[in-house]
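[1] quick one: sequence and predicted model below, then my questions.
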Amino acid sequence: PKGTMAFAGKYEFEGDENYDAFVQKIGLPSDKVEMGRNCKIVTEVVQNGNDFTWTQHFPGGRTTTNSFTVGKEADMETMGGKKFKATVKMEDGKLVADFPNYRHTAEICGGKLVEISTSSGVVYKRTSKKIA
């Protein structure tokens, strides 16, 4: 298998594309939609081999944490706070997870954390710059 990319670090939201179309498609409640728009989310990734702890810090002190091991089923939580089970895979250096109504990939590209969520042809892209 190809070497895993180094994801560990702290990343601050820099920009996104197609946010409104995507959250509409996945049926995110409107209060959550407003909260997430241009939200300076800080994503903190702790990586130990294939074990990951992925925490998102939202302004106002709310956090969401997903812990998983690549290739093993884990309990996860969506942007909207729904709990589900998923197996995160590593494909071409990208972390790939199938959420209940979208597919999510994360990769390090040019030192930035690039996350792409796809739902029925709508592609939402979020870029975060490394701050630590």
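    It's in. Residues are numbered from 1 along each chain as shown.

[2] all contacts plus neighbour counts: C-alpha atoms, from now on.
    Noted.

[3] tally of neighbours for residue 50?
    13 (other Cα atoms under 10 Å).

[4] oops, could you answer that again for residue 89 instead?
    Count around residue 89 with other Cα under 10 Å applied: 19.

[5] pLDDT at residue 79, what is it?
    With respect to pLDDT, residue 79 scores 66.

[6] list the buried residues of the lowest-mean-pLDDT helix or strand in the chain.
    Using mean pLDDT, DSSP states H and E, helix 30-36 stands out as the lowest-scoring helix or strand of the chain, at a mean of 83. Buried positions in helix 30-36, judged by neighbour count with 16 or more other Cα atoms under 10 Å: 33, 36.

[7] stretch 121-132 too?
    Those would be 122, 123, 124, 125, 126, 127, 128, 129, 130, for stretch 121-132 by 16+ other Cα under 10 Å.

[8] equivalent analysis for stretch 42-52, please.
    42, 43, 44, 45, 46, 47, 52.

[9] which ones are touching the nearest residue to residue 25 once chain neighbours are set aside?
    In space, and not counting its chain neighbours, residue 25 is closest to residue 119: 6.9 Å by Cα to Cα, 6 or more residues apart in numbering. Residue 119 is in contact with 22, 25, 26, 101, 102, 103, counting by Cα atoms under 8 Å, 6 or more residues apart in numbering.

[10] surely the third one and residue 101 touch.
    So the one you mean is residue 26. Yes: using Cα atoms under 8 Å, residue 26 is in contact with residue 101, at 6.4 Å.

[11] per-residue pLDDT of the residue nearest the centre of the chain, please?
    Among the residues of the chain, the one closest to the centroid is residue 115, at 5.8 Å (Cα atoms, centre = their mean). pLDDT recorded at residue 115 is 96.

[12] one more: residue 110?
    Residue 110 is given a pLDDT of 88.

[13] phi and psi next, for it.
    phi 60, psi 40 (degrees, to the nearest 10).

[14] what pairs with the residue nearest to the centre of the chain across the strands?
    Beta bridges link residue 115 to residue 106, residue 126, judged by DSSP bridges.

[15] so it is in contact with residue 106, correct?
    Yes: under the criterion of Cα under 8 Å, residue 115 makes contact with residue 106 at 4.4 Å.
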